[in-house]
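S.K.: The following comprises the amino acid sequence and a computationally predicted model.
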Amino acid sequence: MTHHNRALIAIAASILLISIASARQASLIQTSHLINTDELVKILQAPKGEKPLLIQVGSHVLYAQAHIPGSEYIGPASDPNGLQRLRARVESLPRNKFIVIYCGCCPWTHCPNMKPADDALHVMGFTNVKSLYIANNFGTDWVDKGYPVAKGE
Amino acid sequence: MAYVGTAAFGCPRASERHMRRKLAARILILIAIVGAYAIYRHREPATHSGAPQHAFAPDFTLPQLSGPPLKLSDYRGKVVLLDFWATWCEPCRVETPFLVGLQNKYRDQGLQIIGVSMDDTPDPVPGFYQQFKMNYPVVMGNAKIGEEYGGVLGLPIAFLLDREGRIQKKHIGATDASTFEREVQTLLQGR
């Protein structure tokens, strides 16, 4: 086997591994756990009805630029520290609390944060958790659509 | 009743023709409006506002992983590919080996890739840099620089700057390798 062929095989293997890793991400969240952006906006803007606890489970650099008003920054749930902070934040809440988690760091199929956060909350027994479906990223699917945005820490 | 109606509105055939023409005109106007809107929506790029193409790229001085801070305007005269990325971003992991190859291939012709890490802390960046054998400078970005570039609200986002420092292209999300290379070639040739 030539050096060139070995390099090609190594690249192909890397792409395969990355693809396998991607397949384990947000796209595996059950459809029944999802909420669309327009649905969430309607809930937030409705004069009545329960408002969810909004938790951003992605990067702080992105959160500081733009986030959903009233949402709390917890940190990337792909990181054990982020997951720990998420568990600590909701630990004392009633298990039927309406919670919406979101990220938008990258396309849905590649987001490393949503699936771990969704899993953690369901394992803790929360029954009314929704994962905000952001197809491309927070800029394209939320900010550009003119939905409410806040900035800062 | 039919007679009375006809008498009231004049010649029935002329009236019908007039109504049909009016209806056809309205349908055509509606089609034109819907068509124009569809074309507008189709052409509308999936980008967020800010940092318009052909504007000068906002200058910055940011800390590098090692060495002195990097000042963007020091690279005037080169074609710059400014790549906003992060270690946790999977599409970025896919793109990085290609960017390394692109830097090698076009360095002598004047291409300079600059990575702007949007990781929350620099801790994971050196490991990534070594793992992927990155051969271009990486600076630590922040929310302020993200806002100056129109909002880096999803990764990766890449800007291609011409030799004068104007933003010629902006790509949101993973970009096809051949697209990047074609655009770099075009800018290197000064077209």
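M.R.: Arrived safely, thanks for sending. Numbers count the residues shown, from 1 in each chain, chains lettered A, B, ... in the order given.

S.K.: Leaving aside the residues adjacent along the chain, what's closest to the residue of chain A found nearest chain B?
M.R.: Across chain A, no residue is closer to chain B than residue A:137, which sits at 2.1 Å (CB to the nearest CB). C-betas here are computed from N, CA, C, even on glycine. Spatial nearest neighbour of residue A:137, excluding adjacent residues (CB to CB, 6 or more residues apart in numbering or on different chains): residue B:154 at 2.1 Å.

S.K.: so residue A:122 sits right up against residue A:131, yeah?
M.R.: No. Using CB atoms under 8 Å, residue A:122 is not in contact with residue A:131, being 10.2 Å away.

S.K.: Quick check: pLDDT value at the nearest residue to residue A:36 once chain neighbours are set aside.
M.R.: Once flanking residues are discounted, residue A:36 sits nearest to residue A:133: 5.6 Å by CB to CB, 6+ apart. The per-residue pLDDT reported for residue A:133 equals 98.

S.K.: isn't residue A:133 right next to residue A:108, touching?
M.R.: Yes. Using CB under 8 Å as the test, residue A:133 is close enough to residue A:108 to be in contact (6.5 Å).

S.K.: where does chain A dip in pLDDT?
M.R.: In the predicted model, chain A carries pLDDT under 70 at residues A:1-24.

S.K.: give me that answer again for 80
M.R.: A:1-25, A:153 (pLDDT under 80).

S.K.: dump the residue contacts of the residue in chain B that chain A sits nearest to.
M.R.: Nearest to chain A, among the residues of chain B, is residue B:154, at 2.1 Å (CB to the nearest CB). By CB atoms under 8 Å, 6 or more residues apart in numbering or on different chains, the contact list for residue B:154 reads A:62, A:104-107, A:136-140, B:172-173.

S.K.: cutoff 7 Å now
M.R.: Residue B:154 is in contact with A:104-106, A:136-140, B:172, counting by CB atoms under 7 Å, 6 or more residues apart in numbering or on different chains.

S.K.: Tell me the one of these nearest residue B:73?
M.R.: Checking these against residue B:73 by CB to CB gives residue B:172 as the nearest, at 24.2 Å.

S.K.: how many other residues sit next to that closest one?
M.R.: Burial measure for residue B:172: 22 neighbouring residues, criterion other CB atoms under 10 Å in any protein chain shown.

S.K.: Could you give the bridge partners of it?
M.R.: residue B:157 (DSSP bridges).

S.K.: I figured it hits residue B:158, correct?
M.R.: No. Counting by CB atoms under 7 Å, residue B:172 sits too far from residue B:158 to count as a contact (8.4 Å).

S.K.: Could you name the specific helix or strand carrying residue A:118?
M.R.: helix A:114-123 (DSSP states H and E).

S.K.: From the rest of the structure, what touches that helix?
M.R.: A:24-26, A:28-29, A:33, A:57, A:77-78, A:83, A:86-87, A:90, A:99, A:101, A:103, A:129, A:131.

S.K.: Show me what from chain B comes close to chain A.
M.R.: B:46, B:48, B:86, B:88-91, B:93-94, B:118, B:120, B:141-143, B:146-147, B:151-155, B:172-173 (CB under 7 Å from any CB of the partner chain).

S.K.: Just the buried ones among the residues you listed, please.
M.R.: B:48, B:86, B:88-91, B:93-94, B:118, B:120, B:141-143, B:146-147, B:151-155, B:172-173 (16 or more other CB atoms under 10 Å in any protein chain shown).

S.K.: Quick check: strands, which of these are part of them?
M.R.: residue B:172 (DSSP state E).

S.K.: where along chain B do the helices fall?
M.R.: B:2-9, B:12-43, B:90-106, B:125-131, B:143-148, B:177-188 (DSSP state H).

S.K.: Could you tell me the least trusted of these?
M.R.: helix B:2-9 (a mean of 40).

S.K.: returning to what we had before: between residue A:122 and residue A:131, which one's more packed in?
M.R.: Neighbour count, other CB under 10 Å: between residue A:122 and residue A:131, residue A:131 has more, with 24 against 14.

S.K.: Can you verify the more buried one is assigned to a strand?
M.R.: Yes. Under DSSP: H, G, I helix; E, B strand; the rest coil, residue A:131 sits within a strand.

S.K.: can you tell me which residues contact it?
M.R.: Contacts of residue A:131 by CB under 7 Å, 6+ apart are A:29, A:33-34, A:101, A:114, A:118.

S.K.: Quick one, which of those residues are buried?
M.R.: A:29, A:33-34, A:101, A:114, A:118.

S.K.: Just the helices from chain A, written as ranges.
M.R.: Using DSSP H, helices in chain A cover A:3-23, A:37-45, A:60-65, A:80-90, A:114-123, A:138.

S.K.: What residues of the fourth one count as buried?
M.R.: Yep, that's helix A:80-90 we're talking about. A:82-83, A:85-86, A:90.

S.K.: Around chain B, which positions in chain A sit nearby?
M.R.: A:18, A:21-22, A:59-62, A:64-66, A:76, A:78, A:104-107, A:110, A:112, A:136-140, A:143-144.

S.K.: which of these count as buried?
M.R.: Here, 16+ other CB under 10 Å leaves A:22, A:59-62, A:64-66, A:76, A:78, A:104-107, A:110, A:112, A:136-140, A:143-144 buried among these.
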